[in-house]
Structure formats: structure tokens, C-alpha cells
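Peer 1: structure for this input, please:
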Amino acid sequence: MDVTYTGPGSGPGIQNSGITTTTGITGITSLIALANGLDGGPYGVIASNGIYSDTFSLANFLFVPTDTSIIGVFPDVSVVSETVAVSFTVGAEIPGMDEPTGVVTVSEQTGTTSCVGILSDGSGSCGLLFPLPGTYTVTASYGGDDHFLGSSDAVQHTITKADATLNIISITPDPSIINQSVVVSFSVTTTVPGIGTPGGIVNVSSGGAANPCIGVLGNGAGSCALTFSQAGVFTIQASYEGSSLFNESLASGEHTVIPIRIFLPIVINQKD
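Peer 2: Next comes the predicted model:
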């Protein structure tokens, strides 16, 4: 399709633009060059393919190119399942035009999360939730409207594991005696701004225990039993190994083991 600019300036703006549309001008993306940097107007634009032609006013011209920009991603580095606010703007590439309207879709390259923001005065925002840690390409795509062409912008964003907090809830019994089973109960909770319930295992040990024990988390809690082979005051150490979504965490507590007391009867023989 041949496109000729008929306003003031250097004459024909674009010839043989390669557009193959035979009805209307849908799909013409290079007509911004027709303005030749001039303000004002309206200026006439003739679009013709030899069979179909029409004249349009540049001031009311359909399908004006746009520029979409991601202007902010907050927080800059986020954790799994934390809401990430993506702010964007969409502007016309021809000076003096109205602001584009419609919606902007924000997504990442895996296709697992997306959101839609409504433009107001050429800007908007929406929130993403990332289910897994990693580095993502976040893309804001404007689909256009009755007067403006679509455009997009992309930035990199990093998602890290959420922090977890391990707590020893109880050590029972306390004190204990040598070779008595001592149950260590614990919980693992998510640290804000992370959400969800940590899973996995917790290792429990002590320098005075015969063997360490392992507890499996269920709904964020668990327990396992130690047996101490000697008397004394010992530090019990618990270690949460973390998971694909949560970081490791440590906790400790003290426990007293007392020796076994054996009471022997004393027999006194009395002589008459």
C-alpha cells in the first residue's frame, strides 16, 4: 500500500510501505513518519493500494504508535508468594495526542502468573504473585484501542526463597534421667512477607545424646525423641533444612539430665 502525506513539509512521507491490507488501514505502524515532526494540523493522509483509497485526518488518525514503559517494580527483590506491584505508563508517540486507554497485561516468561491493570491518564499498575524463586522477565503489554497501536516493555525481576523461623516449643520431660526418652517438639513458621506453611524435616541433636533424631513437619509442626547417655546440662540444637520455597533456620534450648538414684535398704541386725 502506498501512503502519501499531504500536509506541509517535505512532500510524500512513505511510499511502498509494504502494507498488504486491501480494506482500511489496519496494521499500518509507520505512519508516525508522515507528521515530519510538525505539530498542529489536521493534516491529510491518503492511503491507497491502487484499488482502495481514503483520506484521513492526522489529528484523528487511527492506530497511532505507542510507547509502553515499566516505571517501577516493588519490592525490587521479592520472596515467593509476595505480591509484586508493577507500575507502567503508556504514551502516544505523536506529540499532542490524547492518552491511550484500555488495559495492560503484565506477565512473566513461564506463563504461570499474570495480572491486568486499567490505564488511567496513561498509567496504571497491578500485582503479580510468583510461586517459585528465580529470575523472571516481566513484560507489560498494551494491546491498543480504537486509536492506538499496541506496545510492550520488559524488565528483569528476582524472586528469592521466603525466610522461615524454627522454634523449639517443648522438651519433655525436663529434667530427665539417663536413658529416658526425651521428646523435643518444634514448629516452623513463615516470616513476613512470605506466606504459606513450611514443609520438610528438622534435625535435632545434642552432645550428650546417643543419637540425633529427625522429625517430619506436618502443618508446620513436628517432634522427635532423644535419649541421653550421661547426666549434665546439655544444649539441644534443632536445624530446619529448608525447602524449595523456604530458607534454612536454627533453634536451640537447654535440657538437664540427672543421674539415676538407686536406694538400697539398710538392714540393721540387733542382738538381744
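
Peer 1: could you measure from N179 over to V233?
Peer 2: 17 Å (C-beta to C-beta, to the nearest Å). Every C-beta, even on glycine, is put in place using the N, C-alpha and C of the backbone.

Peer 1: meant to ask about L166
Peer 2: Distance from L166 to V233, by C-beta to C-beta: 22 Å.

Peer 1: same question, T137
Peer 2: For T137, the distance to V233 equals 55 Å [C-beta to C-beta].

Peer 1: do a quick rundown of the strands in the stretch 1-150 of the chain.
Peer 2: Listed in chain order, the strands of the stretch 1-150 of the chain (DSSP state E, counting those that start in this stretch) span residues 2-5, 44-48, 53-57, 66-74, 77-79, 83-92, 103-108, 114-118, 123-129, 134-142.

Peer 1: partner strands of the strand or helix carrying S185 and their direction?
Peer 2: Per DSSP states H and E: S185 is located in strand 181-190. Paired with strand 181-190 in the same sheet, following DSSP bridges, are strand 164-172 (antiparallel), strand 221-227 (antiparallel).

Peer 1: the more surrounded of L166 and V233?
Peer 2: Shown here are L166 and V233; by other C-beta atoms under 10 Å, L166 has more neighbours (19 against 10).

Peer 1: for the residue nearest the centre of the chain, which non-adjacent residue is spatially closest?
Peer 2: The centre of the chain sits closest to F130, judged by C-alpha atoms, centre = their mean, with a distance of 3.4 Å. Leaving out its chain neighbours, the residue that sits closest to F130 by C-beta to C-beta, 6 or more residues apart in numbering is I159, at 4.4 Å.

Peer 1: check which helices and strands the helix or strand where that neighbour lies is in contact with.
Peer 2: Secondary structure assignment for I159, by DSSP H and E: strand 151-160. Applying 3 or more C-beta pairs under 8 Å, 6 or more residues apart in numbering; DSSP states H and E, one finds that strand 151-160 contacts strand 66-74, strand 77-79, strand 83-92, strand 134-142.
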